[in-house]
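Participant: Pasting the sequence and the predicted coordinates here, then a few questions.
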Amino acid sequence: MSGTTIAPERVEAPQKGWAGQSVPRKEDKRLVEGEGVFVDDIKRHGMGYIFFVRSPYAHAHITSIDVSKAEAIDGVFGTLTGEEVAALTDPFFQLATPPGAHLKDYALAVGKVRYVGEAVVAVVAETRELARDASELVEVEYEPLAAVTDARRAQDGDTPVLHDDSGSNLMWEGIYEWGDLDAAFAEADRVVKIKELHFHRFNSTPLETDGALVEFNRGTGQWTIHTNNQFPGFAAIMMGPAMRCGLDKLRFVTQDIGGGFGNKITSHPQLVACCLLARKLKRAVQWTEWRTDFHLSMSHGNERWFHDTEVAVKEDGTLLGFRTKALDDAGAWLRYEPLGGVIWAQVTPGMYKWRHIRLEFTQVATNKAPCSPNRGYSRMQHLWFTERVIDIVAHELGLDPVEVRKRNYVRAEDMPYETPNGCVYDSGDYAQMLDIALDLIDWNGVDVRRAEVESRGKLLGIGIGSTLDSGTNNFGQSRMINPELQFSGNNEVATVKLDIFGEIVVTLGTTPQGQGHETTAAQIVADILKCSPDDVHVRAGHDSYWNSHAGFSGTYASQFAVTGLSAVKGATDMLAAEIKKLASAIFGGAPVEALELAEGGVRIKDNPEAFLPFMACGAIINANNAGLPEDLGVTLNCRYVYRPPFQVPDVERKFGNLTLTYAAQIHAAIVEIDPETGHYEIVDYAAVDDCGKRINPQIVEGQVMGATAQAIGAAMYEVFEYDEEGNLLTPNFYDYHVPHALDMPPLRTGSIESPSPFTPLGTKGMGEGGGAGIHAVCAAIQDALRGHGDAIVYDSFNPYHRVWEMLEHPERARALVEVSTT
Amino acid sequence: MANGAAAASSSWTITVRINDAVYEREVEARKLLIHFVRDDLDLTGSHIGCDTGNCGACSMIVDGVLVKSCMLLAVQADGTTIETVEGLAAGGELTTLQQAFSDHHALQCGYCTPGMLMSATALLRTNSDPSDAEIKKALQGNICRCTGYWNIFEAVKAAAGSGA
């Protein structure tokens, strides 16, 4: 990695252009000086602080609410109850078909609470301490009900129902089937059956919790919502109809966001409460989640079971297909769900060539926090499943997991590859990536190493996780959930202009949370306008009053390098053409083909005298334009909407291209286990990434590292665990352990670049990483247990006690798997 | 008035020196130092990532000692001299450590960064040549969710090596 600097002196333009260079980040200076502006940093005169009174019960009727004692306190500005919310707003639009479509979801609980931590009343006071104190004086009477905490029991006859409106706890179900399952199983030499696999509940716990500062302009009826919501386009379409207002009344503004990872997409209920309070109390209101509020209520990752899996395999390890039943625990509300019921299908076969696949998807409600996107959203669960299947098949048939992978990977020469469900893997060379990963981790030397470790009384295991990071959604896939939905395609916006003194100003529709958009956008602009990224001012954050956003604007789902940067490229190409058009007029009709951009201006090639600096261009158009040709058609303020080339999927067949690009990751981990205790340590780790053309390799590597760390945390430490009554047992960073500096293993990274043939810059979206680390750690543990009871790893979460249990009682895990010969 | 609110009405006048400016303010006895610095003094560089002393985003140096400012009441800081992230590049020049964080891509969202910088600054003041284990131990009280710590470690190591 090349050294970088943020010193103010100008960096020399590289020979091959700025794209591909690890240009120092524009964002860094303000952030290392503590001068970033995060949402909780914003203040307004006389503002009130919001604290939410939350349910102590997982499931209960609300019989009465009395806010009078809280409101009587000096310094308390007011309150908001569910009853008021139900009168002032309509329920949020539901994405699901019935029965999920019938849910009546509001900003605050109305009549009933459905999980511990559900917001019941909002209290606003002049300090955050007073708001919290006053909330204790709000009297809420409950009539507790039995709770549903195990999704597997949610549809049993005697199980309480969360939502009377939907009639049962079933939220959505759908059957996906492609190929010819009967033929595949008839052709198989062996069938591997796996009774149950479980992917656990966790999320990325961004260090900054959700928040907003909301102002209401009574004259215009318009709200300004300073927030860290990472998908304002989605928030707006949820909030506008609920609040009975046009979307232009909702102005979203962000600057710096302290991590998102998908967890900041569904804060729309809280934002509605803020808006209602700002209007009701006639003052700016501020809401910042406390850490425990976040853990209790915000965007848990989807917990998922895979039942009755059957895998059709040939004797030589060729995989023909599988069938399985996925059961997804949505928690108490469908805030982004049931989209998880289709998002997984972006990576239906994983990296493998099997053509015959059936998956019955069922999503149920439980008395837990609502699930919403979390880094790797829904694909991570499915890829964990496919990787588990590969390693369990290899384990049971006595095959080498490396060989099984190589035999079944989609090959580089098959790209672009159409999957059984119509997705198109754009490019890649998975086998080559695997070789690099194995080399980085010294796979060939593992037997020597294993013997050395065993001589110390420990067990050594090595595992691979191979995943895809599908990016740039075709929102048409939502129609597979609900054919009535009128979403399809995708879009993102950028504007690029030359200001009056020649300043190059860029606005984006995105809401970055550390991905360095200001920097990479400037690299793209600088290459086109032949200047330095230092000359390009990219406005920080998002403002929906900049007119640089569209319906899908935001930062989520691995897409900026495609959607965002393609929009930047499009707008800059337009600006470059306009600059030449203007220069042509100024230079007396010189043909535009004779013009070139260089050194901060436009000139006639081979004529150093004919040079018009950007400053002159900006000044002429903006302030000195008399006498210009009437039909010039130049504004030097260019807006471009990038729209990926998508078709609406075939809803009947559940077939179509669901994402534009497929970045790939191959991770490998080596673990050492103490068989006496189950304690284990990752002693070596390698991560190999391919995200097509890298605009800024250092930023890409940073994303790879971050995704790796989160996966390791999820595999070993992180879980939102509930007791039978529905109490969250991990509501803070004491109980919910995230990795610390001392927890991190040695890491080696590698990369290849397989440019996407489908994107303007050859880039692919990246950053989520597909949870490869979870898969690799599971595989490594299973490998270590080989010959020591031969347990299969059946859960994505493997704390030490579970490893101990697999060693002590391997028969329990063994009972989950069976091989039959056909 | 209820008990909680009644207790809250007790307030004291305190004086603190922060990054070479002196602040005298009346402050509620129960107010945390981090809330005092952020809400009352508008020094928002120090952040809050938890409420339990786990994350270290609020780390400051109080009378030369690294502390998590959510674990102190503001009144306990009366009479102290406090250093926060805003004071590091006091002369407009980034410190070697701040520069190293950028050079090594040791920050992404930047939310944990102020606390990381204060922890690492405290380390390098007392130990100009820390071992790898000492660096990791010094960062152990600070949570980062973006980077996986590898690049933060590299940045601190580089800053130490350059004699910061």
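Facilitator: It's in.
Participant: Excluding sequence neighbours, find me the nearest residue to the residue in the stretch 201-350 of chain A that chain B sits nearest to.
Facilitator: Residue nearest to chain B within the stretch 201-350 of chain A: A:G258 (3.1 Å; CB to the nearest CB). For every residue, glycine as well, the C-beta is placed using N, CA and C. With sequence-adjacent residues excluded and distances taken as CB to CB, 6 or more residues apart in numbering or on different chains, A:G258 is closest to A:E208, at 2.4 Å.
Participant: tell me the contacts of the one you found?
Facilitator: A:F38, A:V39, A:D40, A:N228, A:I257, A:G258, A:G259, B:H47, B:G49, B:C109, B:Y111 (CB atoms under 8 Å, 6 or more residues apart in numbering or on different chains).
Participant: low pLDDT regions in chain B?
Facilitator: Where chain B drops to pLDDT under 70, the residues are B:1-9, B:163-164.
Participant: returning to that earlier point: of all the contacts of A:E208, which comes closest to B:C58?
Facilitator: Closest approach to B:C58 among the contacts of A:E208 (CB to CB): B:H47, at 6.3 Å.
Participant: My read is that the closest one contacts B:A57, right?
Facilitator: Yes - counting by CB atoms under 8 Å, B:H47 touches B:A57, with 4.0 Å between them.
Participant: Overlap of the contact sets of the two?
Facilitator: Counting by CB under 8 Å, 6+ apart, the residues touching both B:H47 and B:A57 are A:L207, B:Y111, B:C112, B:P114, B:G115.
Participant: got the residue ranges for the strands in chain B?
Facilitator: Listed in chain order, the strands of chain B (DSSP state E) span B:11-18, B:21-28, B:59-62, B:65-68, B:81-83.
Participant: so of those strands, which one's packed in deepest?
Facilitator: Counting by mean count of other CB atoms under 10 Å in any protein chain shown, strand B:59-62 has the highest mean neighbour count of these, with a mean of 24.
Participant: Residues touching it, excluding its own?
Facilitator: B:33, B:37, B:46, B:66-69, B:72, B:77, B:80-84, B:114-116, B:118-119, B:121-122, B:141-142.
Participant: In its sheet, which strands sit next to it, and in what direction?
Facilitator: strand B:65-68 (antiparallel), strand B:81-83 (antiparallel) (DSSP bridges).
Participant: one step back: hang on, the residue nearest to A:G258 is in a strand, isn't it?
Facilitator: No - counting by DSSP: H, G, I helix; E, B strand; the rest coil, A:E208 is not part of a strand but coil.
Participant: where in the stretch 451-600 of chain A is pLDDT low?
Facilitator: Checking the stretch 451-600 of chain A against pLDDT under 70 turns up nothing.
Participant: residue contacts, whichever residue of it sits closest to chain B?
Facilitator: In the stretch 451-600 of chain A, the residue that lies nearest chain B is A:G514 (3.2 Å; CB to the nearest CB). Taking CB under 8 Å, 6+ apart as the criterion, A:G514 is in contact with A:I257, A:G259, B:L107, B:Q108, B:C109, B:G110, B:C146.
Participant: ok, now A:A815?
Facilitator: A:K195 are the contacts of A:A815 under CB under 8 Å, 6+ apart.
Participant: Also A:S55?
Facilitator: Contacts of A:S55 by CB under 8 Å, 6+ apart are A:A109, A:V113, A:Y115, A:V116, A:G117, A:E118, A:V120, A:Y142.
Participant: and the first one, what pLDDT?
Facilitator: Going back to what we said before, that points to A:A109. You'll see A:A109 listed with a pLDDT of 98.
Participant: how about it, secondary structure?
Facilitator: coil.
Participant: okay, now A:M415: neighbour count?
Facilitator: 17 (other CB atoms under 10 Å in any protein chain shown).
Participant: what does A:V602 give?
Facilitator: A:V602 - counted by other CB under 10 Å - has 28 other residues nearby.
Participant: Quickly find the element holding it.
Facilitator: Assigned by DSSP states H and E, A:V602 falls within strand A:601-604.
Participant: Walk me through the domains of the chain.
Facilitator: Here I'm looking at chain A. As given by automatic domain parsing, the domain ranges for chain A are A:28-38+A:491-642, A:42-145+A:208-258+A:265-297, A:178-203+A:299-475+A:650-821.
Participant: To clarify, I was referring to chain B.
Facilitator: Split by automatic domain parsing, chain B gives B:3-87, B:96-161.
Participant: thinking again about what came up before, which one of the contacts of A:S55 is nearest chain B?
Facilitator: A:G117 (14.5 Å).
Participant: Quick one: classify the closest one as helix, strand or coil.
Facilitator: A:G117 - assigned by three-state DSSP - is coil.
Participant: Now it: closest residue in space that isn't a chain neighbour?
Facilitator: A:L296 (2.7 Å).
Participant: how far away is the residue nearest to A:R323 when sequence neighbours are not counted from A:S488?
Facilitator: Nearest non-adjacent residue to A:R323, counting by CB to CB, 6+ apart: A:R358, 4.0 Å away. Counting by CB to CB, to the nearest Å, the separation of A:R358 from A:S488 is 26 Å.
Participant: in stretch A:776-787, what's buried?
Facilitator: Buried residues in stretch A:776-787, counted by 16 or more other CB atoms under 10 Å in any protein chain shown: A:A776, A:V777, A:C778, A:A779, A:A780, A:I781, A:Q782, A:D783, A:A784, A:L785.
Participant: now those residues in CSV, with distance to chain B?
Facilitator: Shown next, in CSV, are these (distance: CB to the nearest CB, whole Å):
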residue, distance to chain B
A:A776, 14
A:V777, 14
A:C778, 19
A:A779, 20
A:A780, 18
A:I781, 20
A:Q782, 24
A:D783, 23
A:A784, 23
A:L785, 27
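Participant: Confidence-wise, which helix or strand of chain A is lowest on average?
Facilitator: Counting by mean pLDDT, DSSP states H and E, chain A has its least confident helix or strand at strand A:607-613, which shows a mean of 92.
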